[in-house]
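1. Test case, fold it:
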Amino acid sequence: MEDAVRLIPLSALQHYLFCPRQCALIHLEQQWAENRYTAEGRILHERADRLGHERRRGVHTAMALPLASERLGLTGVADVVEFDEREQRAIVRPIEYKRGRPKAHRADEVQLCAQALCLEEMLNVEVGHGALFYGKTRRRKDVPFDDELRALTLGVIASTRALFDGNRTPPAVYEAKRCDRCSLIDACQPQVMGKQRSASRWLARQLQSLDE
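-> So this is what the prediction gives:
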């Protein structure tokens, strides 16, 4: 890979799918703030991301496994990767830990699928399934890496790459359900910035009408 290519953190894909502006604030402007939701998620990851390995009943489990894809320009860490050695050929399965419950959008699944793409390149194996473990339900959600999810993931990678290459933070768009839970709401100021953008459009229309 050329040195000029900027590696995309795996977490940026989830941030982008949730909100491109949030992604830019975190990864381009290096802004971060914590609220109850991010704190709960951090604590859950700290428990899962202890460096180490264990083997139990034919399943080798690696924690905090570094991942990378030269082809896609990705880098990051998998919470857990299971190597099920009970079959003739080991089955590789990434597992991501999340606070809360399964979501209506597919941001968590995209992040997990990107981990699978990294593992496929690193290990030269096919990774067919992974799992998401949610803190509220205390259960795993099986995630098949089918053609639809793979296509979505590659599309998000391309869009995030374009955001990084453009090096510009998208304008604010306030959506109460999403923005009010975001830890970066004070840095983003979506209600104020969104109104400013609307005012700018109104002023531009007024100036245009004067010229006509």
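
2. so where do the strands sit in the protein?
-> Remark: strands assigned in the chain by DSSP state E are 8-9, 52-56, 59-69, 74-84, 91-98, 129-134, 139-144.

3. closest to residue 179 out of these?
-> Proximity to residue 179 (C-beta to C-beta) singles out strand 91-98 among the strands of the chain, at 20.0 Å. Just so you know, the C-beta spots here come from the backbone N, C-alpha and C atoms, and that holds for glycine as well.

4. picking that back up, mean pLDDT lowest for which of the strands of the chain?
-> The minimum mean pLDDT among the strands of the chain belongs to strand 52-56 (a mean of 72).

5. about what we covered before: can I get the strands of the chain in JSON lines with distance to residue 180?
-> JSON lines is the format used below for those (distance: least, C-beta to C-beta, whole Å):
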{"stretch": "strand 8-9", "distance to residue 180": "25"}
{"stretch": "strand 52-56", "distance to residue 180": "38"}
{"stretch": "strand 59-69", "distance to residue 180": "32"}
{"stretch": "strand 74-84", "distance to residue 180": "27"}
{"stretch": "strand 91-98", "distance to residue 180": "20"}
{"stretch": "strand 129-134", "distance to residue 180": "21"}
{"stretch": "strand 139-144", "distance to residue 180": "25"}
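
6. can you list the domains in the chain?
-> If you go by automatic domain parsing, the domain ranges for the chain are 8-170, 171-212.

7. Comparing these, which yields the minimum mean pLDDT?
-> domain 171-212 (a mean of 68).

8. Just give the nearest non-adjacent residue to residue 161, would you?
-> Sequence neighbours aside, residue 8 is the residue nearest to residue 161 in space, at 6.4 Å (criterion: C-beta to C-beta, 6 or more residues apart in numbering).

9. Would you enumerate the residues in contact with the one you found?
-> The neighbours of residue 8, taking C-beta atoms under 8 Å, 6 or more residues apart in numbering as the test, are 72-75, 157, 160-161, 164.

10. out of these, which one sits closest to residue 107?
-> residue 160 (11.7 Å).

11. can you count the residues close to residue 72?
-> Using other C-beta atoms under 10 Å, the number of residues around residue 72 comes to 19.

12. Could you check how far it is from residue 113?
-> Note on residue 72: its distance to residue 113, by C-beta to C-beta, to the nearest Å, is 11 Å.

13. Same question for residue 119.
-> Distance from residue 119 to residue 113, by C-beta to C-beta: 11 Å.

14. Looking at the two, which is more packed in?
-> Per other C-beta under 10 Å, whichever of residue 119 and residue 113 has more neighbours is residue 113, with 27 against 22.

15. so that one sits right up against residue 129, yeah?
-> No - contact criterion C-beta atoms under 8 Å: residue 113 and residue 129 do not qualify, at 10.5 Å.
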